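# Give me the fold of what follows.
(one chain, ligands or ions: 1)
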Amino acid sequence: MSKAPALKLQGICKSFHQGHKALHVLKGIDLEVKQGELVALIGASGSGKSTLLQVAGLLDRPTSGTIAIAGAEVHDLKDEARSDIRRNRLGFVYQFHHLLPDFTALENVELALRISGVSSVDATAQAKAVLEEIGLAERLNHTPSELSGGEQQRVAIARAIVTNPSLLLADEPTGNLDEETAARVFKLLVSMVRDRGLAAVIATHDASLAAQMDRQLHLSAGVLHES
Ligand SMILES: Nc1ncnc2c1ncn2[C@@H]1O[C@H](COP(=O)(O)OP(=O)(O)OP(=O)(O)O)[C@@H](O)[C@H]1O
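Residues are numbered from 1 along each chain as shown. A predicted model of the protein is given here:
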């Protein structure tokens, strides 16, 4: 495995323009996340955590700055190549599960594998294994509306990591759950990420969850501070 960082951001700036007004949200972000490293992203509401994750996850383009994922410079790539990296190198978990409502837990996870080119037979086997690992062996054939909030988020986590990405990006992954369920689901997320040696950047408002990560970074006034 190469020693290149899972993620390297240099001088990332992001501004939004509305009419004559410019909102400078990110003002020169430098961040290096090593392979296997877990980083908590903390900051007040509106400080730009989601914006930073969207830029790092190639879902939005920075105004300026450079991005490298697993050693490959990706900021200048065209849309198709960016989608390719998102599918094969990155995993995303959001506050809301964003599962397909008419698909079962198993089908939702299988789909992520099928989209990244895995055969149907292998996708079923791999999706089953990861859902079993995350404690959902009895829920494979349930649709999202037949699952609890914690179970829905566990399916979303399984979907994000089943493709074995180099980097997991999570935006308040347990922010929609009650405190006890959030703590349980977060622990599962962290253990599955650590078992696979994945790197992760996880935005959270919860200091006790952030403390389980290797590093805590605070975003304020458009820049990152290590704590
Ligand atoms: N597409 C957009 N157009 C204009 N302004 C935007 C856009 N996206 C985000 N913003 C603004 O950028 C700032 C940062 O938003 P962002 O969602 O990144 O913050 P956050 O730290 O994730 O907040 P929260 O913790 O509440 O989710 C906010 O002031 C927001 O209104």
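
# May I have the distance across stretch 56-76, first residue to last?
From its first residue to its last, stretch 56-76 covers 13 Å (Cα to Cα, to the nearest Å).

# Any part of that stretch near the ligand?
No: for stretch 56-76, no contact with the ligand is found by Cβ under 6 Å from any ligand atom; the gap never falls below 7.9 Å. Every C-beta, even on glycine, is put in place using the N, C-alpha and C of the backbone.

# roughly how far is that stretch from the heart of the chain?
15 Å (Cα atoms, centre = their mean, to the nearest Å).

# for stretch 205-218, same thing?
The chain centre lies 15 Å from the centre of stretch 205-218; the measure is Cα atoms, centre = their mean.

# That one vs the ligand: in contact?
No: figure legend: stretch 205-218 not in contact with the ligand (Cβ under 6 Å from any ligand atom); closest approach 6.8 Å.

# Distance check, R159 against G222.
32 Å (Cβ to Cβ, to the nearest Å).

# which one of these two has more residues nearby?
R159 (26 against 19; other Cβ atoms under 10 Å).

# can I assume the more buried one is in contact with V109?
Yes: the criterion here is Cβ atoms under 8 Å, and R159 meets it with V109 at 4.9 Å.

# Need the residues touching each of the two.
When contacts are counted by Cβ atoms under 8 Å, 6 or more residues apart in numbering, R159 and V109 have no shared neighbour.
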